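**Student:** Sequence and predicted model, in that order:
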Amino acid sequence: MKVVSGQVMQLMDRRAIGEFGVPGLELMERAGRGCADVIEEAFGEGEARRAVIVAGKGNNGGDGFVISRLLAERGWEAPVLLLAAPEAVAGDAAANLARLDPATVQSMPQGLAGAEVLLQGATVIVDALLGTGMNSEVTGVYAEAIDLINAAGAPVVSVDIPSGVDAATGKVLGRAVRADITVTFALAKLGNVLYPGAELCGRLVVAEIGMPDAVVAEAEGAHYVDLACAAGLFRPRSVTAHKGSGGHCLIVAGSTGKTGAAAMAANSAQRAGAGLVTLAVPAALNPVLEQKTTEAMTIPVGPERAGYLRAGSLTEIVAAAAIRDVVALGPGIGTAPSTVYLVHSLLAALDKPLVLDADGLNAVALEPELLLTRKDRITVLTPHPGEMARLVGCTVPEVEADRIGCARAFAVTYGVHLILKGARSIIAAPDGSIAINGSGNPGMATGGMGDVLTGVVAAFLSQGYHPFAACQLGAFVHGHAADFLAEPMGTQGMSASDVQEMLPVALASLAASRTTATNHQQGE
Ligand SMILES: NC(=O)C1=CN([C@@H]2O[C@H](COP(=O)(O)OP(=O)(O)OC[C@H]3O[C@@H](n4cnc5c(N)ncnc54)[C@H](O)[C@@H]3O)[C@@H](O)[C@H]2O)[C@H](O)CC1
Ligand SMILES: [K+]
């Protein structure tokens, strides 16, 4: 599913109207009808149905006027509370305001004293205050209206996006409506899928409004990775598969006190479908990892008593990588100077696809230009916001203020693929393409989850997936497995090992979704 910013959607509107001759009034009519249909379906039972439409002065309010008219035609009582003087409403919105019985419209441009009465007994409140045209922090009468809607206690349907949520970032500008359902138009907006906007949307419905296909296809946007999208990218194992065709991962990981990270990355690669997994670990830790992993083979690296990886092991690791399909470097390796030096040398020396995580990233952050030595080779970075901040040389709040911009700039500058972790992980490609992962839950906010993701991404790369697909699938499958767990166990106390063990179920669900989609296409 493609998602766009509010600005891009406004350009799309203009193209549809200007280049393709679709009347703006027709777009507004279909937008209003899409909402009215959803409202009728969700709340249309019963006798006295009352929808109170709280409308702003722009086209979002215009959609609200259409909703009022259509619901009234279907027997609803549908009064409008307009936060502007009627004369301040212009264009298509004004045309639709003129079609309403003036007695149904109460204009309160100055303040909302006494307006609670209007909302009393509402079956549903329709939030048509602000949409893609919102351009500043919400204050004054609009802020009052948002508070009123949120306090009213009736279900809320937001038109296009909950008012107060920035359509480009999902951030709340001052305050925002909390909706039960949001009906958005043509394509979902970034603010509908990024937090906190995503949560404020409630159930998201994308209504078709007759946007020309070419306008949709040519719109600049991001991929939203949901089950259907991930299933489309996924290639189930062939019936003639053998362990050699599944891909062979080399995981370079571990230091004293951090053997779990190494074990989880290796075990997760196996659980995510890699044919073979080999774990290269500091020699002193080999006996522990022989115990902690069963299917993975281990290579003890460096001097017998070495509890961390050292620069002198470069040749040994490069030789091990030569006969594997992908290398994952970083889980639990620590920050000893010799380990950092090794990471720096490996960047240039390894010609296999490389996944860098954890202390591998921290080593790179000391000299990110070294990534340029991997030009024309596949490199995937999986930073959390703290690691991203170190890579860029900025603060975590600066990363969080513009997750997409930050991930994209780094991926383009250094020619890497990157998964910026967090609620709605951002996947950025060297050509500037962006995907947003739709799976996962707060249960994943515990240690070790990143090590699992590293193993999963490595498993997909080892099977020959394009790195952008491997990153999308890796992030989605990781979160999807956790979503299966959250069903019975909730989101507190979930462990990374739990997620690791659930990975095959997540993969099976992708395979099943593909089968269902194919059957639908064949009309079965
Ligand atoms: N294809 C579609 O998606 C269609 C969308 N439609 C709807 O139109 C709105 C966008 O309409 P627009 O008039 O551009 O903007 P808004 O209604 O969101 O509001 C703009 C209005 O409000 C003022 N304003 C901006 N920020 C604030 C603020 N913080 N507080 C108060 N006032 C603010 C601004 O100056 C403008 O005057 C889209 O979301 C859809 O709902 C169409 O129906 C056609 C199809
Ligand atoms: K709205």
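**Tutor:** Structure's in. What do you need? Ligands and ions are numbered 1, 2, ... in the order given.

**Student:** which ones are touching the nearest residue to R99 once chain neighbours are set aside?
**Tutor:** Leaving aside its sequence neighbours, R99 sits nearest to R69 (C-beta to C-beta, 6 or more residues apart in numbering; 5.8 Å). Quick note: C-beta positions are derived from backbone N, CA and C, even for glycine. Neighbouring residues of R69 by C-beta atoms under 8 Å, 6 or more residues apart in numbering: 32, 78, 96, 99-100.

**Student:** any idea which element R69 lies in?
**Tutor:** For R69, the host element (DSSP states H and E) is helix 59-73.

**Student:** Touching the next helix or strand after that helix from outside, list them.
**Tutor:** Later in the chain than helix 59-73, the nearest helix or strand by DSSP H and E is strand 80-82. Contact with strand 80-82 is made by 52-55, 57, 61, 64-65, 68, 89, 97, 100, 104-109, 112, 115, 118-119, 145, as judged by C-beta under 8 Å, 6+ apart.

**Student:** buried sites along strand 80-82?
**Tutor:** Going by neighbour count (16 or more other C-beta atoms under 10 Å), the buried part of strand 80-82 is 80-82.

**Student:** likewise stretch 439-450?
**Tutor:** Buried residues in stretch 439-450, counted by 16+ other C-beta under 10 Å: 439-441, 443-444, 448-450.

**Student:** got a pLDDT number for the residue nearest to R99?
**Tutor:** Among the per-residue scores, R69 shows a pLDDT of 98.

**Student:** how about whatever residue of the stretch 201-350 of the chain ends up closest to ligand 1, what does it touch?
**Tutor:** Nearest residue of the stretch 201-350 of the chain to ligand 1: I209, at 5.6 Å (C-beta to the nearest ligand atom). Each residue near I209 by C-beta under 8 Å, 6+ apart is listed here: 27, 30-31, 34, 185-186.

**Student:** Secondary structure for these - can I get that in JSON lines?
**Tutor:** Formatted as JSON lines, the contacts of I209 follow (DSSP: H, G, I helix; E, B strand; the rest coil):
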{"residue": "L27", "secondary structure": "helix"}
{"residue": "R30", "secondary structure": "helix"}
{"residue": "A31", "secondary structure": "helix"}
{"residue": "G34", "secondary structure": "helix"}
{"residue": "F185", "secondary structure": "strand"}
{"residue": "A186", "secondary structure": "coil"}
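
**Student:** restrict the residues you listed to those near ligand 1?
**Tutor:** Restricting these to those near ligand 1 by C-beta under 6 Å from any ligand atom leaves 27, 31, 185-186.

**Student:** Would you mind listing what in the stretch 351-500 of the chain touches ligand 1?
**Tutor:** Checking the stretch 351-500 of the chain against ligand 1 by C-beta under 6 Å from any ligand atom, there are no hits.

**Student:** quick one: the helices in the stretch 351-500 of the chain?
**Tutor:** Taking DSSP state H, counting those that start in this stretch as the criterion, the stretch 351-500 of the chain contains helices spanning 359-365, 385-392, 396-401, 403-414, 449-462, 467-489, 496-521.

**Student:** most neighbours per residue, which of these?
**Tutor:** helix 449-462 (a mean of 31; mean count of other C-beta atoms under 10 Å).

**Student:** Give me the packing partners of that helix, helices and strands only.
**Tutor:** strand 248-252, helix 259-271, strand 326-329, strand 354-356, helix 467-489, helix 496-521 (3 or more C-beta pairs under 8 Å, 6 or more residues apart in numbering; DSSP states H and E).

**Student:** so which of these gets nearest ligand 2?
**Tutor:** Ligand 2 lies closest, by C-beta to the ion, to one member of the helices and strands packed on helix 449-462: helix 467-489, at 28.0 Å.

**Student:** Tell me the helices and strands packed up against that closest one.
**Tutor:** Under the contact rule (3+ C-beta pairs under 8 Å, 6+ apart), helix 467-489 is packed against strand 222-225, helix 227-233, strand 379-381, strand 417-420, strand 426-428, strand 434-437, helix 449-462, helix 496-521.

**Student:** now for the third one, which elements pack on it?
**Tutor:** Just to be clear, that refers to strand 379-381. strand 354-356, strand 417-420, helix 467-489.

**Student:** does V22 count as helix, strand or coil?
**Tutor:** coil.

**Student:** residues contacting it?
**Tutor:** V22 sits in contact with 16, 210-212, where contact means C-beta under 8 Å, 6+ apart.

**Student:** Tell me where this protein is predicted with low confidence.
**Tutor:** Within the chain, the ranges that satisfy pLDDT under 70 run 518-524.

**Student:** Could I have the CA atoms of stretch 397-410 written out in CSV?
**Tutor:** Extracted in CSV, the C-alpha atoms of stretch 397-410 (Å, rounded to 0.1, in the frame of the first residue of the first chain):
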residue,chain,number,x,y,z
PRO,A,397,15.2,13.7,19.6
GLU,A,398,16.6,15.0,16.3
VAL,A,399,16.4,11.5,14.8
GLU,A,400,12.9,11.1,16.2
ALA,A,401,11.7,14.5,14.9
ASP,A,402,12.2,13.3,11.3
ARG,A,403,12.7,9.5,11.2
ILE,A,404,12.1,9.2,7.5
GLY,A,405,14.3,12.1,6.5
CYS,A,406,17.1,10.9,8.7
ALA,A,407,17.0,7.3,7.5
ARG,A,408,16.8,8.4,3.9
ALA,A,409,19.6,10.9,4.0
PHE,A,410,22.0,8.4,5.6
